[in-house]
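1. give me a 3D structure for the following:
(one chain, ligands or ions: 1)
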Amino acid sequence: APKPPPLPTASPPAAQSCADSIAAALGRRFALMPEVAAAKRREGVALTDPAQEAKVLRQARTDATRQGLSAAAAEQLFAVLIDLSKAVQAQTPDGDATGPDLATLRRAVAAAGSTLLPEIHRCVPLLAGHPDTMAVALRHDLGPWLDAGQIETLLDALPPRAFPPR
Ligand SMILES: C=C(O[C@@H]1C=C(C(=O)O)C=C[C@H]1O)C(=O)O
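-> Below you'll find the model as predicted:
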């Protein structure tokens, strides 16, 4: 009998561009965190804001449900993003005497976050069967913000490891 063809190894372009756009949206969100840290210091606000976290998680569940994605997977992803975002803030050196205020920055954080779930929805079928594509994209785009262990944590909350095709 003929041997079955080998499993594909190279990422098709559609999977790669999907992973790149998710990584870019994540990068835009993390890139705001040094500014968030600076605004909190200026405004005398604590690193952790449980009410804001609850709002972000509630929004993630609502958006996911509206888009036909798993609310649990979306909440888990944003819980990981909150943890990692606080780690980035905690590592931000003292600085910036001026810059956008926290309320303005939170609107920008929400805008960056809101592009994620629609992208994930579009990408789930394309990333299925390509376990390394997202890893390569995150390592490429998130190096300025996250270390290797943090990138692994985030990969566990993204397709194709999370958000199974439905
Ligand atoms: C980004 C912030 O810092 C923390 C991280 C949050 C997030 O990643 O959405 C939300 C609340 C804070 O505990 C913030 O306060 O807005």
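2. drop to CA atoms for contacts and neighbour counts, all remaining ones
-> OK.
3. give me the most central residue, this protein.
-> L26 (4.0 Å; C-alpha atoms, centre = their mean).
4. which strand or helix spans it?
-> Using DSSP states H and E, L26 sits within helix 13-31.
5. what are the contacting residues of that helix?
-> 85, 88, 109, 112-113, 115-116, 119-120, 122-123, 126-127, 130, 133-134, 137-138, 141-142, 145 (C-alpha atoms under 8 Å, 6 or more residues apart in numbering).
6. go with 6 Å
-> For helix 13-31, contacts defined as C-alpha atoms under 6 Å, 6 or more residues apart in numbering pick out 109, 112, 123, 126-127, 134, 137-138, 142.
7. try stretch 38-58
-> Stretch 38-58 is contacted from outside by 75, 96, 101-102, using C-alpha under 6 Å, 6+ apart.
8. and that stretch, average pLDDT?
-> Stretch 38-58 shows a mean pLDDT of 97.
9. what do you get for stretch 72-88?
-> The pLDDT scores in stretch 72-88 average 98.
10. excluding sequence neighbours, find me the nearest residue to A148.
-> Setting aside the residues directly before and after it, A148 is nearest to R139 in space (C-alpha to C-alpha, 6 or more residues apart in numbering), at 7.8 Å.
11. what about the one you found, how many residues nearby?
-> 16 (other C-alpha atoms under 10 Å).
12. how close does it sit to the ligand?
-> Separation of R139 from the ligand (C-alpha to the nearest ligand atom, to the nearest Å): 20 Å.
13. for this protein, which residues are neighbours of the ligand?
-> Within the chain, the positions near the ligand by C-alpha under 6 Å from any ligand atom are 47-50, 52-53, 56, 81-82, 85-86, 106.
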